[in-house]
Structures are given as C-alpha cells and as structure tokens.
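> have a look; sequence and predicted model below, questions after that.
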Amino acid sequence: MLKDSQQILIVDDDPQMRLALMEAINRLGYKAVLSNNGKDALEKILSSNFSMVITDMKMPSMTGLDLLKEIRRASLKIPVLVITAFATIENAVDTMKEGAVDYLMKPFSFETIKKTIDSILSKEKRKKQIITNNQEMQKILKIAEDLSASDITVLIYGESGTGKELLARYIHSLSKRSDMQFVAVNCAAIPDNLLESELFGFEKGAFTGASDKKAGKFEIANGGTILLDEIAEMSIVLQSKLLRVLQEKEVDRVGGKKPVPVDVRVIATTNKDLQRQCAENRFREDLYYRLNVFPLKLLPLRERQDDILLLAKHFMEIYAASFSKNISGFTDEAMEFLKSQQWRGNIRELENIIQRAVFICKGKIIDTKDFLFEDIISSKKCNGKLKDMEKELIIKTLNDVKGNKTKAAKILGVSVRTIRNKLNEYEFESPLLA
C-alpha cells in the first residue's frame, strides 16, 4: 500500500541502479518514477508532484548538481537526495550549498537508503504542520480550510516569520490542486529587471543571453498554485502586467508574439499595509482589490503566548532527531526565558534559537545557558569540541542562506563582523570553507 500516494523520482543513467532503487522504494511503500537523465527528470518535476528526488551526481549533459540548481531556480522546495560513486568533499559542500537535504556515496545498503528516505520525508511532513493552541489561529486555520475548496485569491498579511508561506502551502495542500505544483516566488529577493522574465518567461533571443525559451513561474505553476511572497516589493510597472495576468488568465513571455493561457490559483503575502501603500502611490489600487478578495491576517508570536512553549517543544523534537540527540525538554528557567522574549522575528526566530540550543545542549534538558549563543560564539576560550560545534553550525547556517553573511548573522544572533572573523579562522583551516 502506498504511503499517502507519495511519489519519489529516481534519476540515474545507470539502469541497474535505477532498478535497484525502484525495488527499494517500492518495498518501502512509495511509488517510484524513473528517469535516466537530468533533462527528462526536470520535465517530470515541472509537470507532476513528487515527495522527493533521488539523483545521481555524475550524468551526461546535466549533472545532479545542475538538476538541483534548476529545481531551486524554479522555486520548488522538493527535497533532493544526491547519490554518487565519485564522492569528494568539494562535491558534498557544493550540493549542500545548493540545498540538497543529504548526500550518499554508492554503494549503500537497503537499510541506509530506507533510513535516509524515511528521515527526509518524516522531516518534510513535520515542516508542513501548523502547530497552534491559540483560538484566533485555530479560527484562521478553519477559514483557510474552507477557502481551500475554492480558487478564491487569498492575501495573507503578517509580520516576517509568522508563517505566511506555511499557511499558503496549507491551503494548497487541502485544495483540488494539491497534486499539482506549488510555486513560491519571493518578489523581494529578485531584482526588478529579472522578476518579469522569472514570472512570465521569455522567448529565445528576447534579450542578450536568452539562448533558449524559458517558461516562467506562472507556466510552471499551471494547474496548481503560485505564491507571490512579499507582493508589496513589486515595482509599479510590473504590477500592471501582473494585473493583466490575473484578469485575462494568460501571460505574455518577454519577447513573445502571442499570450500563453494559464490556470493558476494565486495566493499573495505581505508584511506591509497595502491600503497605506496605495494611498502613497506605492501600490496599484486596482491590483490591491484584485488580490484582496479574501484577506487573512496572521498574529505575531508575541500575541500567541499559548503557542510559544508548544512551538518550542515541536522544534526541539525535530532538531533533536536531526542531530541524533536525546533531549526531552526544557528547565523551568528556560521555559520562563522563552515566554519572556518579544520574538521580533516571530516563529522563525524561535525556531532558530531552539535549533541552536539543541545543537549546543550537552545534557538531556535545555537550560538558559544553551540560549546564550552570543557569549559562546564570541568567546576566545572555546574548547576543541565546542569550536567544532560552533564551526559546523555557522557553516550550516551559511549554506541555508546561500552564503549571505548578513542573514546568517541575524539568524545566529551575532554581528556580521563576528561571522567574518570566524570564517577567516576556518579558511585558514580549510580552503573549502571559504
């Protein structure tokens, strides 16, 4: 019996390895889909829904690393496991930097692949849960469930880190479109001159460097859901083009001669007051009314006091399993510390602090000293083991934010200067970590 009808895509140019993995995945109760090259795999990924991808590293035309980059470029958050018979530290670092969830060297046993797949999918399932005891949040979730039965455009308001994207994914997962793609586009992260082609695609020769045509995010999400994250950051010019897409249900590729029809459910998020943005001529009023069909507002964590310890325990369990640590709870002082914080970064900040605390904790119970990471990371008296832990956490955080030192410093609660100083130390130890 298939586990929740979960599909796993296997990408390998070795037919024997494909069949061996297919047999293993079928034994685990998942459905295996096979591909013998990266290009074919990418087409399958863009047209279907997979719980995860297992790809070989060394393949002709498109390597496993190239495939991983294309998946991330399409804003798809499918977990990717890379396997290879030619493992090097450099390859491992590169794949993890691009967002691979794990890296296995061939040959491996059935038990190894079983443990790895179950761990990855279990973690992904936990990530998708919305944890709350708060009555207002429960009301919002009930409304979201009702909205999922329709294609109504939803606009989610909330401060950064409150879980806007998680709520959007929740709506998609309950909808009739759940077996199709959910594509997230961060409008704040893509420069204005690139966002149009990212959203709507382009034709060959449309501009310098356009050596082939490329489908935009709306086409990739066709039949599914597109999330326009931080929509207030989109330029006024592009807002007018987006309005036409929403009205006509078709996109004009850059350099295209005719529009391409799309069937996409749109969810947008913002941490700004769009009515004020309209009054200040920063946001088109007609687009605002088109998006604001059904608004949902997420509460900041400081207004969800009854959820702080619940979420802390949830993240503790996730990261204790991830770091293979036997941690069962928090001291009374640690719980009081958590409840006393303002949580300006909301749930994201809480998760980061719990992740660090689990990593640092040496016993079975997390104490307040495990939260004081600034003192530890800035100390020049770290012992060897603690220094290794510090190094691993900094490198992992940088990988998570694709090398952005400012973001990494914010997550770790230290200065950018501290991060730079630590990286200089690590570069001296190993040039691979530069």
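Arrived safely. Residues are numbered from 1 along each chain as shown.
> what segments of this structure are strands?
For the chain, the strands defined by DSSP state E occupy 7-11, 31-35, 52-56, 80-84, 102-105, 154-157, 182-186, 225-229, 250-251, 260-261, 265-270, 294-297, 329-330, 365-366.
> any chance of the ones you listed in TSV, plus distance to S322 and mean neighbour count?
Heads up, the C-betas are built off the backbone N, CA and C, glycines and all. Converted to TSV, those look like this (distance: least, C-beta to C-beta, whole Å; neighbours: other C-beta atoms under 10 Å):
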stretch	distance to S322	mean neighbour count
strand 7-11	20	23
strand 31-35	26	18
strand 52-56	16	26
strand 80-84	15	24
strand 102-105	11	17
strand 154-157	28	23
strand 182-186	23	21
strand 225-229	25	25
strand 250-251	39	20
strand 260-261	41	13
strand 265-270	27	25
strand 294-297	30	15
strand 329-330	17	19
strand 365-366	15	19
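> what's the closest of those to Y426?
strand 102-105 (19.8 Å; C-beta to C-beta).
> returning to what we had before: in CSV, list the strands of the chain along with mean pLDDT and distance to R356.
What follows is these, written out as CSV (pLDDT from 0 to 100; distance: least, C-beta to C-beta, whole Å):
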stretch, mean pLDDT, distance to R356
strand 7-11, 95, 32
strand 31-35, 94, 37
strand 52-56, 95, 27
strand 80-84, 91, 25
strand 102-105, 87, 21
strand 154-157, 97, 28
strand 182-186, 93, 24
strand 225-229, 96, 25
strand 250-251, 93, 42
strand 260-261, 93, 46
strand 265-270, 97, 27
strand 294-297, 96, 30
strand 329-330, 96, 14
strand 365-366, 96, 10
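> can you redo those as JSON lines with distance to A215?
Below are those laid out as JSON lines (distance: least, C-beta to C-beta, whole Å):
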{"stretch": "strand 7-11", "distance to A215": "19"}
{"stretch": "strand 31-35", "distance to A215": "19"}
{"stretch": "strand 52-56", "distance to A215": "19"}
{"stretch": "strand 80-84", "distance to A215": "20"}
{"stretch": "strand 102-105", "distance to A215": "29"}
{"stretch": "strand 154-157", "distance to A215": "24"}
{"stretch": "strand 182-186", "distance to A215": "11"}
{"stretch": "strand 225-229", "distance to A215": "13"}
{"stretch": "strand 250-251", "distance to A215": "9"}
{"stretch": "strand 260-261", "distance to A215": "8"}
{"stretch": "strand 265-270", "distance to A215": "17"}
{"stretch": "strand 294-297", "distance to A215": "28"}
{"stretch": "strand 329-330", "distance to A215": "48"}
{"stretch": "strand 365-366", "distance to A215": "46"}
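> how far off centre is stretch 44-61?
Stretch 44-61 sits 17 Å away from the centroid of its parent chain (C-alpha atoms, centre = their mean, to the nearest Å).
> list the buried ones in that stretch?
44-46, 49-57, 59 (16 or more other C-beta atoms under 10 Å).
> show me which pair in the residues you listed is furthest apart.
Within the buried residues of stretch 44-61, N49 and M57 form the most distant pair, 24.2 Å apart (C-beta to C-beta).
> extract the residue ranges of the protein that are flagged as low pLDDT.
1-5, 87-89, 126-128, 372-389, 413, 427-434 (pLDDT under 70).
> list the contacts of the residue positioned nearest the centre of it.
For the chain, the residue nearest the mean C-alpha position is K77 (5.3 Å; C-alpha atoms, centre = their mean). Residues near K77 by C-beta atoms under 8 Å, 6 or more residues apart in numbering: A184.
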